[in-house]
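Trainee: predicted model and sequence below, questions to follow.
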Amino acid sequence: MRARPADEKPRSSAGLLAKTVLLGLTVAIAVWAAFPLIENEAWTGLVILLATTGGLLYLYLTPRHIPLKYLAPGTILLILFQVFPVLYTASTAFTNFGDGHRGSKQEAVVAIQTASVTQVPGSRQYVLTVATTGDPTTGSLVFLITDPATRQVFVGDANGLRPIADATVGSTGRVTAADGYTLLNAGQASARSAEITALAVPTPGGAIRSSGLSRAYEGRAGRVYEASCDCVRDTTTGQTWTADEDAGAFVAADGDRLAQGWKVGVGFGNFTRVLTDPAIGGPFLRTLVWNFAFAIASTGGTFALGLLLAVALNSPRVRGRVAYRILLVLPYAMPSFAMLLVWRDMFNTDFGLINNLFGTDVDWFGGAASARLAVILVQLWLGYPYMFLVATGALTAIPRELAEASRIDGASAWGGFRRITLPLLMVALTPLLISSFAFNFNNFNAIYLTTEGAPFPADNPANGATDLLITYTYRIAFGGGGAQYGYAAAISIFIFLIVAVVSAASFRRTRHLEEVNA
Amino acid sequence: MREWWRHGVAVLMLLFALLPIVFVVSAALNPLGTLSSSELVPTGASLGNFVRLFGETRFGSWFVNSVVIAAVSSAASVFISALAAYAFSRRRFRGRRVGLLSVLLIQMFPQFLAIVAIFLIFSTVTDLWPEIGFNTWWGLILLYLGGALGVNTWLMKGFFDTVPRELDESATMDGATHAQVFFRILLPLVAPILAVTALLAFIGTINEFLIANVFLTDAGSKTLPVGLYGLVAGERNANFGMFCAGTLLTAIPTVLVFQLLSRYITDGLTAGAVKG
């Protein structure tokens, strides 16, 4: 092991070579990454890139800051792909970000006006060619619009209309070729007809929309924004909706709200809503209690099973130990996402294996108690092999003499285990139990791939008996009732605080924290 | 015969452990290939589900995608994590304690919500650098490496702590640099825990569904969880046999990695768990 000075020269030159290659690679990647940034005039990004690269070069060329040399790679990735998204998410908790509140007020006005466009007598007609800048099946769509009078071609998308020069127009007025665009043929266009119908190209007085796949019209907006009153006025009925900057929406005198609003800060509104609204606060508490029960039962249950097995097989007198061990860790090798789906189907009422096998007719996911029992049982199956492996490892590390000594002192086998072996095991395994608890507390797949939260009470279709906070939040954030990211982010901050406090408190009770302080 | 209870416990658990696996095997061999016709003991056996899986879906690409992404990202994350664990274990610096705790705490934020942010970030990345954008190996690997520092760093730090400090101190006296101490002395000694964390990272990545589902939308770029989920999301009954066949094949890389690393794993679990 001892490095003799004589050996050192070639070694350090190999190290020097590796260092040069890696730093060269870093610079090469930085140069490669810089070009698109310059092209798109993303100066902030360029500054960050230059600063990071410069910082890395300095860090690895200076003999100082040794710990940072080892921490930098992981930390940079952590900041980019974990800290930054988490902070971004946390910041949305203070806004009303969600469906209907996505962009700026300006974007909301454009959306309201284009959505209210109708074809009126005298609307101008155009010849339409549907095209894309990307792949014909997935690329974002644009309208190529030919004015039949002038045969001038315009390209239009959700941002507006602009003329293009180099397009070839056929005798009917349809565009046959356009530089930079892929034209959709009839089959491709009809496959995406829903998107084509939805696309509206805003124009000063209204918007251009498709009528069929080859014609378009410029309709007039039925609702127009007026800056003088900061309101939206319906041109036929005369009703007005005034901008409410606190709610980020246009609200009429009678309380009617337009669906398209904009993103505004709401302060702690989302947080107080979690705590005060009885329709939300009630299920939140109930879900929290079940969430704790699930996490504790899953972690505790798998640990108890794994430990029992490890102890049972931890005797040289048991024949076939190796075969047992290999077969018992098999569930760990199976892909968990797939096995969750298989378990879901095994609990199926009509043709599920479990009802078949026991000749029962239980609607497992229909009742709260049986559904909860079922998801915990599935977690036991998925989780015990890990605990079995870990406990086996820990048991072998505890000197056998310790337990034997207690036997000689007159303690029973059980007494020796309880007083000597178990405490030693717990010291070693507590950190793993805590991280297992934190994992199970937010075990999204365990619920989403099996019960999906079912059964749901009749009065609240958004919160089921097996819902964890995280699946409940998921339904709020992405569910059918319209996405409410801001509110979902507020709930996830609560979840984070709960898990963090519980984990930190448990860590304080173990020796690990002392070692952190050392 | 005082040891009979040991066999009793083991056999009972074996029944529980193997029941779903036997079901998956017979469903995969079931010639009808539907969920409603699947039973614990198959009435016939055919490889039809496997043939359909390769013929009708892009299972081959999914498999390659999954294995490459899981192998590269778990290997890289173990290396990155080992670097950090060395600093946390052997070096004393300001912010060490805060760093250790925040590494653990940041992982406790519900990740899936950050998906909205991740989606927005990678929409920009795809515009600027399509090579590491959506539907690419590199983009997803980078994203997974964001979680390289985490519980695994703690496990490794614990293991590093068990290696006597005198070893690296004497090497330093002999003129070894900190990099030589790390690469030539410590890394070989902590091989068991590297194997364990590599296995944990591999299993975690090859099973990851939420992020991959948002990130990979092209039929050919999907990973196994995303592709297999798509099989039963719509046609749950009809495709069940194919799904189970795919599940069995998905287990193969995990078992191989387990076998490959098994020499170290018992040691790693032992010493990584019991320390200090």
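Mentor: Structure's in. What do you need? Worth saying up front: this structure is predicted, and the values here are computed from it rather than measured.
Trainee: which stretches of chain A have low pLDDT?
Mentor: For chain A, the stretches with pLDDT under 70 are A:1-12, A:279-281, A:400, A:403, A:479-481, A:510-518.
Trainee: so what are the domain limits for it?
Mentor: Domains of chain A are assigned by automatic domain parsing as A:12-92, A:119-225, A:276-517.
Trainee: a markdown table for the ones you listed, including distance to B:S26 and mean neighbour count?
Mentor: Placement of C-beta: from N, CA and C, glycine included. Shown next, in a markdown table, are these (distance: least, C-beta to C-beta, whole Å; neighbours: other C-beta atoms under 10 Å in any protein chain shown):
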| stretch | distance to B:S26 | mean neighbour count |
| --- | --- | --- |
| domain A:12-92 | 41 | 15 |
| domain A:119-225 | 38 | 16 |
| domain A:276-517 | 10 | 18 |
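Trainee: could I get these as a markdown table with distance to B:V68?
Mentor: Output for those, formatted as a markdown table (distance: least, C-beta to C-beta, whole Å):
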| stretch | distance to B:V68 |
| --- | --- |
| domain A:12-92 | 19 |
| domain A:119-225 | 23 |
| domain A:276-517 | 16 |
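Trainee: possible to save these as a markdown table with distance to chain B?
Mentor: Converted to a markdown table, those look like this (distance: least, C-beta to the nearest C-beta, whole Å):
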| stretch | distance to chain B |
| --- | --- |
| domain A:12-92 | 3 |
| domain A:119-225 | 8 |
| domain A:276-517 | 3 |
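Trainee: now for those, which one comes closest to A:T236?
Mentor: Distance to A:T236, taken as C-beta to C-beta, is lowest for domain A:119-225 among the domains of chain A, at 6.3 Å.
Trainee: what distance separates the start and the end of that closest one?
Mentor: One end of domain A:119-225 sits 19 Å from the other (C-alpha to C-alpha, to the nearest Å).
Trainee: how far does that domain sit from its chain's centre?
Mentor: 35 Å (C-alpha atoms, centre = their mean, to the nearest Å).
Trainee: stretch A:70-85 now?
Mentor: Chain-centre distance of stretch A:70-85: 18 Å, with C-alpha atoms, centre = their mean.
Trainee: first-to-last residue distance for that stretch?
Mentor: 24 Å.
Trainee: who's in contact with it?
Mentor: With C-beta atoms under 8 Å, 6 or more residues apart in numbering or on different chains as the test, stretch A:70-85 has contacts from A:52, A:56, A:59, B:80-81, B:83-84, B:86-87, B:91, B:99, B:103, B:106-107, B:114, B:117-118, B:121, B:142-143, B:145-149, B:153, B:182.
Trainee: drop anything exposed from the residues you listed.
Mentor: For these, a burial check counting by 16 or more other C-beta atoms under 10 Å in any protein chain shown picks out A:52, A:56, B:80-81, B:83-84, B:86-87, B:99, B:103, B:106-107, B:114, B:117-118, B:121, B:142-143, B:145-149, B:153, B:182.
Trainee: and the closest residue in space to B:Y144 that isn't next to it in sequence, what element?
Mentor: Among residues not flanking B:Y144 along the chain, B:S73 sits closest, at 4.3 Å (C-beta to C-beta, 6 or more residues apart in numbering or on different chains). Per DSSP states H and E, B:S73 falls inside helix B:59-90.
Trainee: so which elements touch that helix?
Mentor: helix A:66-78, helix B:96-106, helix B:137-145, helix B:151-162, helix B:191-206, helix B:224-234, helix B:240-273 (3 or more C-beta pairs under 8 Å, 6 or more residues apart in numbering or on different chains; DSSP states H and E).
Trainee: could you export those helices as a markdown table, including distance to A:N40?
Mentor: Formatted as a markdown table, the helices and strands packed on helix B:59-90 follow (distance: least, C-beta to C-beta, whole Å):
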| stretch | distance to A:N40 |
| --- | --- |
| helix A:66-78 | 22 |
| helix B:96-106 | 30 |
| helix B:137-145 | 18 |
| helix B:151-162 | 36 |
| helix B:191-206 | 32 |
| helix B:224-234 | 30 |
| helix B:240-273 | 39 |
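Trainee: of all those, which one is nearest A:K105?
Mentor: Evaluated over the helices and strands packed on helix B:59-90, closeness to A:K105 peaks at helix B:137-145, with 33.0 Å, by C-beta to C-beta.
Trainee: okay, the angle between the closest one and helix B:59-90?
Mentor: Angle of helix B:137-145 versus helix B:59-90, following axes from the mean of the first three to the mean of the last three C-alpha atoms, to 10 degrees, is 40 degrees.
Trainee: for helix B:137-145, which outside residues touch it?
Mentor: Under C-beta under 8 Å, 6+ apart, the answer for helix B:137-145 is A:77, A:81, B:65, B:68-69, B:72-73, B:76-77, B:80, B:118, B:122, B:125-126, B:131-133, B:205, B:208, B:211-212, B:215-216.
Trainee: of the residues you listed, buried ones?
Mentor: For these, buried by 16+ other C-beta under 10 Å: A:77, A:81, B:65, B:69, B:72-73, B:76-77, B:80, B:118, B:122, B:125-126, B:132-133, B:205, B:208, B:211-212, B:215-216.
Trainee: show me what contacts A:V201?
Mentor: Contacts of A:V201 (C-beta under 8 Å, 6+ apart): A:T114, A:F143, A:I145, A:G156, A:D157, A:A158, A:G160, A:L161, A:A207, A:I208, A:R209.
Trainee: ugh, typo on my part, it should be B:V163
Mentor: B:L186, B:L189, B:V190.
Trainee: how about A:F250?
Mentor: A:A108, A:I112, A:C231, A:V232, A:W241, A:T242, A:A243, A:D244, A:R257, A:L258, A:G261.
Trainee: that's a helix at it, yeah?
Mentor: No. Counting by DSSP: H, G, I helix; E, B strand; the rest coil, A:F250 is not part of a helix but strand.
Trainee: gap between it and A:S104?
Mentor: 14 Å (C-beta to C-beta, to the nearest Å).
Trainee: which residue packs closest to the residue in the stretch 1-150 of chain B that chain A sits nearest to, ignoring adjacent ones?
Mentor: Closest to chain A within the stretch 1-150 of chain B is B:G146: 2.6 Å, counting by C-beta to the nearest C-beta. Counting by C-beta to C-beta, 6+ apart, B:G146 lies nearest to A:F81, which is 2.6 Å off, once chain neighbours are set aside.
Trainee: cool, and A:L357?
Mentor: In space, and not counting its chain neighbours, A:L357 is closest to B:L40: 6.7 Å by C-beta to C-beta, 6+ apart.
Trainee: A:Y485 versus the residue of the stretch 1-150 of chain B closest to chain A, what's the distance?
Mentor: Taking C-beta to C-beta as the measure, B:G146 and A:Y485 are separated by 20 Å.
Trainee: regarding the nearest residue to B:A238 once chain neighbours are set aside, what is its secondary structure?
Mentor: Excluding the flanking residues, the one nearest B:A238 by C-beta to C-beta, 6+ apart is B:T34, at 5.8 Å. With three-state DSSP as the basis, B:T34 sits in coil.
Trainee: cool, A:V130 as well?
Mentor: Recorded secondary structure, A:V130: strand (three-state DSSP).
Trainee: I figured it hits A:T182, correct?
Mentor: No. In this structure, A:V130 is not within contact of A:T182 by C-beta atoms under 8 Å, at 10.2 Å.
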